[in-house]
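Student: With the input below, show me the fold.
(4 chains)
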There are 2 protein chains.
Amino acid sequence: MNIGEIARRAGVSRSTVSYALSGKRPVSEDTRRKIQQVVDELGYQPSASARALANGRTSTLGLVFPPAGSHYTGMQLDFIGSVVEAAAAYDYDVLLSPSGVDSDRSFQRLLGERRVDGAILMEIRLEDDRVEHLATLDFPSVAIGRTARPESGWWVGLDHTALVERCVHHLADLGHRRVAFVNRPEQLLQTGYESAHRGLEGFTKAAAERGLTVRTYCCGDDAASGQTCVERILHDDPATTALVTLNEAALGGLYRGLAEAGRHVPRDFSVTGVVAGRWAETVTPQLTAADVPAAEMGRLAVDLLVERLDHPDAPPRHHLLTPPISLRASTGPAGTTPTADAAPDTTA
Amino acid sequence: MNIGEIARRAGVSRSTVSYALSGKRPVSEDTRRKIQQVVDELGYQPSASARALANGRTSTLGLVFPPAGSHYTGMQLDFIGSVVEAAAAYDYDVLLSPSGVDSDRSFQRLLGERRVDGAILMEIRLEDDRVEHLATLDFPSVAIGRTARPESGWWVGLDHTALVERCVHHLADLGHRRVAFVNRPEQLLQTGYESAHRGLEGFTKAAAERGLTVRTYCCGDDAASGQTCVERILHDDPATTALVTLNEAALGGLYRGLAEAGRHVPRDFSVTGVVAGRWAETVTPQLTAADVPAAEMGRLAVDLLVERLDHPDAPPRHHLLTPPISLRASTGPAGTTPTADAAPDTTA
DNA sequence: GGGGTGAGTCGAACCGGTTCGGCGAAGCTA
DNA sequence: TAGCTTCGCCGAACCGGTTCGACTCACCCC
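Tutor: Purely as a prediction, here's the structure:
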């Protein structure tokens, strides 16, 4: 069922069928109806490969995310979902590519074999060879996250620095003086993972401004690591009364660690951070946090990419988001005797 | 940088370049080296579109999952991740298509425009028009989940019936007599969502065998719904001492509802179900559950699909998984006075 | 009535690969 | 040395669309 078959049955030439379907040249109403009828009868749909070859566009966007290896966070899931849906609204398909670095085979395929018209990159590092590579190639792409030199690029990012600062100020306002920071895994920090660095930066800065006593920790992306991390925190400084975290996946473990140490949240210990809203509402007490608007970010990234594809010479654009902190139930005033062990809990 | 360019620079014909690269016909060692050198210099990679057009294969698999609308569960995320990785190992890319039903435009594109060589379907319903459509077309596909008539198809599924039965028997063995079942949202049950139906079936069957008093509930895929659901359960039958759930996303809410009702898990109330291991370990106390091996299922689905693509006439195959229940900390013997309100908790 | 105009259609070239048939040279046998 | 095979390579056709230039015809106007 190719275009030649349609042409033959409609008694016209292949080019006429093409023009009738694309509307790029006028076709008489009669022939157009005849062609449409044949197309409907046979359920003809033009081959994506042939069309891509002919006009050089694949109508496909690449979504580059790090290889799972272990596990994804909920945030990443929301990104993927929203990107796919937003792309569908523009009639683009989405091709997934698990590539952490520029040299990955999957990444090379995406670009070298011209499988996609543009790409969205996730899990950006401050020095990201993928971003730079695409920039030098002038390949249409949008990053979810920003590198150390964001001015010239297309991206949508979260202002982790500001968000974590706000968390710290929130805690300081509540009277907390000894606060811990629970970051993403050490390996991510070392490879220059953006949110880990900027979050840490915001934490350090705000803590200095408020004269807080702080410690910072890296923590694996799972509950067990979270629990261990709390144990370390309370071991290193039992007078700690609050923590700020970027680590969604460890959150449940952090809560468990606190509970096992006899610290009641929020009476004895406050917890806050930057976490997707869905997760913040899953834990008990619900987490006071800057809710990561992952779905919105995915949508914005697609918007930007499509704009860039439609206007190849448009100047770079970006969106830096700073969602407000949602006050829930995991933070409270610092106790008067922060080092005291928690008393048995008799609240309902 | 097309194949003609390579041919010219290497002083051979286009077909020779093609054969040199594919190895489908012998090429002298000299010319092969010469060609390889030019290819390396220019960093040539053949166009995926052209290749797809020529040999009729796209080297792409479609992954069809329901439109997010609201949100995805952690399980789905794990599927997606493992499918992409497994596909990459076979040199296939993965194209995402958000389609709940056969008539979705995205789904039509995938098939009609021949964008993919095969498809993996998620979120299967007992009567699934997508599965049937693909079957009548003899289009290579593998379902993650099985329909009401699974014998003739290619699929990898979880034996929800058996798993939920085991959960019920586990609770019955512990002495629980009044048990609730927390299913996925009502809308999914009504549309014939497989796991919801088979899980419910297993629950009903095992409860009858053990002579338990049971109630079944549908629950939205979020924490707030979980909390509400527990309130309903305890309102409908305050003597309920345990629940079984399929609803990962509501789990945190279920725990919160129990805590607010003063029921301590596992002393006053036992919780179990079918949930991805990562989630089971996030809640406190950790959930005794049949861990959904999402990553393994994704991998197996790709294995099956690739096998089907390589051997178009191979007879249908499938994998029905029945992972063991992981005993964690959320279930315990039924209390002697199950209706009593929980006493203040003084355990460490 | 001749020439210009524009609508509608066609044929051919092209996108960038793959693959088939055949051809010339070299090597081997008789 | 003629004849046959084998090896290595080439040219051309093909996959299924898009697009450009040109052609035909009807119509209109001076």
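
Student: who touches A:Ser49 in this structure?
Tutor: B:Ser49, B:Ala52, B:Leu53, B:Thr58, B:Arg114, B:Arg115 (C-beta atoms under 8 Å, 6 or more residues apart in numbering or on different chains). Glycine gets a C-beta too; all of them are placed from N, C-alpha and C.

Student: and if you look at A:Thr60?
Tutor: By C-beta under 8 Å, 6+ apart, the neighbours of A:Thr60 are A:Tyr92, A:Asp93, A:Val94, A:Leu95, A:Arg115, A:Val116, A:Asp117, B:Leu95, B:Arg115.

Student: What of A:Gly118?
Tutor: Contacts of A:Gly118 (C-beta under 8 Å, 6+ apart): A:Leu61, A:Gly62, A:Phe139, A:Pro140, A:Ser141, A:Val142, A:Leu305, A:Arg308, A:Leu309.

Student: Name whatever forms a beta bridge with it.
Tutor: A:Leu61 (DSSP bridges).

Student: roughly how far apart are it and B:Pro293?
Tutor: 35 Å (C-beta to C-beta, to the nearest Å).

Student: can you check A:Leu189 too?
Tutor: 31 Å.

Student: now A:Pro324
Tutor: Per C-beta to C-beta, A:Pro324 is found 39 Å from B:Pro293.

Student: When those two are compared, which one has more neighbours?
Tutor: Neighbours were counted for A:Pro324 and for B:Pro293 using other C-beta atoms under 10 Å in any protein chain shown; B:Pro293 has more, 18 against 9.

Student: Assess the claim that the more buried one and B:Leu321 are in contact.
Tutor: Yes - the pair B:Pro293 / B:Leu321 is scored as a contact, 6.1 Å apart, by C-beta atoms under 8 Å.

Student: Identify the contacts common to the two.
Tutor: B:Leu158.

Student: Can you pull the residues of the stretch 51-200 of chain A lying near chain B?
Tutor: Contact residues, the stretch 51-200 of chain A versus chain B (C-beta under 8 Å from any C-beta of the partner chain): A:51-53, A:58, A:60, A:63, A:67-68, A:71-72, A:74, A:76-78, A:80-82, A:84-85, A:88, A:93-98, A:105-106, A:108-110, A:112-115.

Student: Among the residues you listed, name the ones in strands.
Tutor: Within those, residues falling in strands by DSSP state E are A:Thr60, A:Leu63, A:Asp93, A:Val94, A:Leu95, A:Leu96, A:Ser97, A:Pro98.

Student: Show me the beta-bridge partners of the fourth one.
Tutor: A:Val94 has these beta-bridge partners by DSSP bridges: A:Leu61, B:Leu96.

Student: That one: neighbour count?
Tutor: Neighbour number of A:Val94 under other C-beta under 10 Å is 25.

Student: For the stretch 201-348 of chain A, give the residue positioned nearest to DNA strand C.
Tutor: Per C-beta to the nearest atom of the strand, A:Pro312 is where the stretch 201-348 of chain A lies closest to DNA strand C, at 17.3 Å.

Student: so that residue, which of the three states?
Tutor: Classification of A:Pro312 using DSSP: H, G, I helix; E, B strand; the rest coil returns coil.

Student: can you pull the contacts of the residue nearest to it when sequence neighbours are not counted?
Tutor: Nearest non-adjacent residue to A:Pro312, counting by C-beta to C-beta, 6 or more residues apart in numbering or on different chains: A:Pro140, 7.4 Å away. With contact set as C-beta under 8 Å, 6+ apart, A:Pro140 has these partners: A:Asp117, A:Gly118, A:Ala119, A:Leu305, A:Arg308, A:Leu309, A:Pro312.

Student: Among those, which one lies nearest to DNA strand D?
Tutor: A:Asp117 (14.2 Å).

Student: Distance of that closest one relative to chain B?
Tutor: 11 Å (C-beta to the nearest C-beta, to the nearest Å).

Student: A:Val39 looks like it's in a helix, true?
Tutor: Yes - judged by three-state DSSP, A:Val39 forms part of a helix.

Student: Now do the contacts for it.
Tutor: A:Val39 sits in contact with A:Ile6, A:Leu21, where contact means C-beta under 8 Å, 6+ apart.

Student: pLDDT score assigned to the closest residue to A:Glu113 other than its chain neighbours?
Tutor: Closest residue to A:Glu113 apart from its sequence neighbours, by C-beta to C-beta, 6+ apart: B:Ala48 at 3.9 Å. pLDDT for B:Ala48: 98.

Student: Correct me if wrong: B:Ala48 contacts A:Leu111.
Tutor: No - B:Ala48 lies out of contact with A:Leu111 (C-beta under 8 Å); the separation is 10.6 Å.

Student: Comparing these two, which residue is more hemmed in?
Tutor: Counted by other C-beta under 10 Å, B:Ala48 and A:Leu111 do not tie: B:Ala48 has more neighbours, with 24 against 21.

Student: which residues touch the more buried one?
Tutor: So B:Ala48 contacts A:Arg109, A:Glu113, A:Arg114, A:Arg115, B:Thr58, B:Ser59 (C-beta under 8 Å, 6+ apart).

Student: Weed out the non-buried ones from those residues.
Tutor: A:Arg109, A:Glu113, A:Arg114, A:Arg115, B:Thr58, B:Ser59 (16 or more other C-beta atoms under 10 Å in any protein chain shown).

Student: and DNA strand C, which of the residues you listed contact it?
Tutor: Counting by C-beta under 7 Å from any atom of the strand, nothing from the buried ones among the contacts of B:Ala48 sits close to DNA strand C.

Student: so can I have a markdown table of those showing pLDDT and distance to A:Asp129?
Tutor: Shown next, in a markdown table, are the buried ones among the contacts of B:Ala48 (pLDDT from 0 to 100; distance: C-beta to C-beta, whole Å):
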| residue | pLDDT | distance to A:Asp129 |
| --- | --- | --- |
| A:Arg109 | 90 | 17 |
| A:Glu113 | 96 | 19 |
| A:Arg114 | 97 | 20 |
| A:Arg115 | 97 | 20 |
| B:Thr58 | 97 | 28 |
| B:Ser59 | 97 | 25 |
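
Student: Relative to DNA strand D, which of those is nearest.
Tutor: Using C-beta to the nearest atom of the strand, the shortest approach to DNA strand D within those belongs to B:Thr58, at 12.2 Å.

Student: Surely A:Ala180 touches A:Val214?
Tutor: Yes - applying C-beta under 8 Å as the test, A:Ala180 and A:Val214 come out as touching, 6.9 Å apart.

Student: Right, I'll call it a day here.
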